[in-house]
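Asker: Whatever this is, show me its structure:
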Amino acid sequence: MHVRTVHDKWLRLVVSSDAGRALVPVRKAHVTAMCKSVGGSWSAAEASVNLSTNPAVDVVLESSAPHAHTVYVAHVLDEHSVETLQTVTVSHRHIVLQTLADTHAVEGLAAVAKHLVCKNAFIPAIRYATLAMPSYTSLADCEQRFDEILLDKEVARTRTAIATCNVTTVGSPAFRLFKHYNATCTSKITSAFPTQSVLFAQSLCLALGFLASASNEYAPRVVLAHTLQALPLDSAACAHLRGLDDAAADPARTGSRLSVRREDGVTLSTPFLALDGAARSVLAANGIQTRAETPMYVVFDRQHNAVLVADVCMQRVPPAAQLPALGEQQQAVADMHFVNVAAAYHPQLEARRQMLLNKCCAALVRPTPYAKSVFNMLRFEAGPMLALLGQLDL
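Answerer: Sure, this is the predicted structure:
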C-alpha cells in the first residue's frame, strides 16, 4: 500500500474578539524566503514584510539576522493606526511570546515562530563534557537509582516563578531538516540498535552531528554516542582508528556520510564508517564489544576524536561516592540523562521514564522563565540529545 503525504503550504493564524473571528493564512514559502534574504544584499528597511493578506490584521515579520526574527500581530484600526496584539521574538531555538492587548485572542503565532526556528537551525561547534554516571549495569541498580531520584524530587521545595511572558525552547524538532537529509545514517543506527525506536535513532543521529562538529581537543579515547561516556584506548587501537580516519579522508571514497549545516550556512559531510572485523577485534581488546551481533559504526570529529555508534555491553562506571558534585540544574540534567540511558538498556523501565523526567523538572527551585523553558523541552527528549542540549542551553 502506498501512502501519500500531503505537505501543507500554509500557516494559519486566528484572531478572535467579541466582534468575530478572522483567519489569516501565511504562506510558508514567504517566511522561508524572508529568512534566506537576511544577511544578503537586502537593506535593513527591506528586512521587514507584512505576511497578511487580510486587511483587518497585520502580520509583520522583521529580521535583523539569519537567526533573529520578530513577528508582530496587529489589529488595523484605520489606515493610520494599528493596535499591536501579540509579538513573538525568535533567537536561534528560543521563542519569547508576549501578549500586549486583551481585546483580541491570537492563535497560531507560536507555529510561525517554530517554522522560523526549523528553517534556521544549525549545528553549533560546542565543547561538550563527557559524563560519569551511576551504575546502570543491572536492573536492580537502575531501579535503586530511580527510587533515589524520585525521593529527592518529592522532598524538594518546588516553587514556580511567575513569568511575565511565555518563553519556549525548541529541542530536537528544530533540526527537522537535519533528520531529513541524514535518513540513511538514521537507518544504519536503527540496525545498530535494533531494540530501540526510530525516535531514539533520530536523537542519536542528531547527537552525532553535534559530536562530529565539536571542538574538543584530541584524546586517546572513544566516546560512546548514546551515553556520552569516554572510554580509554591503548596505542594500538588509537593507531588503527586513526588509519580509518585517514583512509576516509580520500575524496574518491564512497559510502554513507553525515551532513551537518554550520552557522555560516556551509554544509559539511563527515564519513559514517562501518567497522570491519579487524577494527572490532581491536576494540574488543579494550573491553568494547556489542551485546549482540549488531553493526558498529564510527564518526570522527574535526580533531580526529572517535565517536562510536554501537549497542555495546554496559561499561563499568565509578561508584556513587566518586561522582562529581554538580549544581542543581546540572544535576537535574544528569539525572534525566541517566533515566534515558537506563531505559535504553532495560526496556522494563520505560514505563517509569516520563514520570521521572517530569519530576526532575518540577523539583527545580525558583527556575527563571528561560531555565523553565529549557527543562520543559528536555523532558520530551527520549535519547542522548538530552544531555547535549542541556549543556548547550544551560
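Asker: how near is the closest residue to Cys313 other than its chain neighbours to Cys185?
Answerer: Closest residue in space to Cys313, ignoring its immediate chain neighbours: Arg291 at 5.3 Å, by C-beta to C-beta, 6 or more residues apart in numbering. No exception for glycine: its C-beta is placed from N, CA and C like everyone else's. Here Arg291 is placed at a distance of 21 Å from Cys185 (C-beta to C-beta, to the nearest Å).
Asker: I figured the residue nearest to Cys313 hits Ala310, correct?
Answerer: No: assessed by C-beta atoms under 8 Å, Arg291 is found out of contact with Ala310, at 9.2 Å.
Asker: Mind checking which of these two has more residues around it?
Answerer: Ala310 (24 against 12; other C-beta atoms under 10 Å).
Asker: pretty sure the more buried one is touching Glu293, no?
Answerer: No: the criterion here is C-beta under 8 Å, and Ala310 misses it with Glu293 at 11.5 Å.
Asker: What's the local residue count around Gln348?
Answerer: 11.
Asker: give the contact list for it.
Answerer: Residues in contact with Gln348 (C-beta atoms under 8 Å, 6 or more residues apart in numbering) are Leu139.
Asker: For it, give me the backbone phi and psi.
Answerer: The phi/psi pair for Gln348 (degrees, to the nearest 10) reads phi -60, psi -20.
Asker: From Asn286, how far out is it?
Answerer: Applying C-beta to C-beta, the value for Gln348 to Asn286 is 30 Å.
Asker: same thing with Ser373?
Answerer: Ser373 is 41 Å from Asn286, by C-beta to C-beta.
Asker: So what's the residue count around Lys9?
Answerer: A count of nearby residues for Lys9, using other C-beta under 10 Å, gives 9.
Asker: Just the pLDDT at it, thanks.
Answerer: Looking at Lys9, its pLDDT reads 86.
Asker: ok, and the closest non-adjacent residue to it?
Answerer: Lys28 (5.6 Å).
Asker: and the spatially most central residue of the chain, backbone torsions?
Answerer: Compute the mean C-alpha point of the chain, and by C-alpha atoms, centre = their mean the closest residue is Ser172, 3.3 Å away. Main-chain dihedrals, Ser172, degrees, to the nearest 10: phi -60, psi -30.
Asker: Surely it touches Glu381?
Answerer: Yes: look at Ser172 against Glu381 with C-beta under 8 Å: they come within range, at 6.2 Å.
Asker: Return every residue with contacts to both of the two.
Answerer: Common neighbours of Ser172 and Glu381, using C-beta under 8 Å, 6+ apart, are 203, 389.
Asker: what's the offset of the helix or strand where Ala278 lies from the middle of its chain?
Answerer: Here Ala278 is covered by helix 277-284, with elements defined by DSSP states H and E. For helix 277-284, the distance from its own C-alpha centre to the chain's C-alpha centre is 31 Å (C-alpha atoms, centre = their mean, to the nearest Å).
Asker: Just give me how far stretch 223-241 sits from the chain centre.
Answerer: Mean C-alpha position of stretch 223-241 versus that of the full chain (C-alpha atoms, centre = their mean) differs by 24 Å.
Asker: swap in stretch 118-138?
Answerer: Here stretch 118-138 is found 9 Å from its chain centre; the criterion is C-alpha atoms, centre = their mean.
Asker: Using PDB, write down the CA coordinates of that stretch.
Answerer: What follows is stretch 118-138, C-alpha atoms only, in PDB (Å, rounded to 0.1, in the frame of the first residue of the first chain):
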ATOM      1  CA  CYS A 118      13.200  24.900  11.900                       C
ATOM      2  CA  LYS A 119      14.300  26.800   8.800                       C
ATOM      3  CA  ASN A 120      17.300  28.400  10.500                       C
ATOM      4  CA  ALA A 121      18.500  25.600  12.900                       C
ATOM      5  CA  PHE A 122      22.200  24.800  12.500                       C
ATOM      6  CA  ILE A 123      24.700  22.500  14.300                       C
ATOM      7  CA  PRO A 124      27.000  24.600  16.600                       C
ATOM      8  CA  ALA A 125      30.600  23.800  17.300                       C
ATOM      9  CA  ILE A 126      30.300  23.100  21.000                       C
ATOM     10  CA  ARG A 127      32.800  21.800  23.600                       C
ATOM     11  CA  TYR A 128      30.900  19.100  25.200                       C
ATOM     12  CA  ALA A 129      31.700  17.300  28.500                       C
ATOM     13  CA  THR A 130      31.800  13.600  28.700                       C
ATOM     14  CA  LEU A 131      29.700  12.200  31.600                       C
ATOM     15  CA  ALA A 132      30.200   9.900  34.600                       C
ATOM     16  CA  MET A 133      27.000   8.200  35.600                       C
ATOM     17  CA  PRO A 134      25.900   5.800  38.400                       C
ATOM     18  CA  SER A 135      25.900   2.100  37.600                       C
ATOM     19  CA  TYR A 136      23.300   1.100  35.100                       C
ATOM     20  CA  THR A 137      24.700  -2.400  34.600                       C
ATOM     21  CA  SER A 138      22.000  -4.300  36.400                       C
END
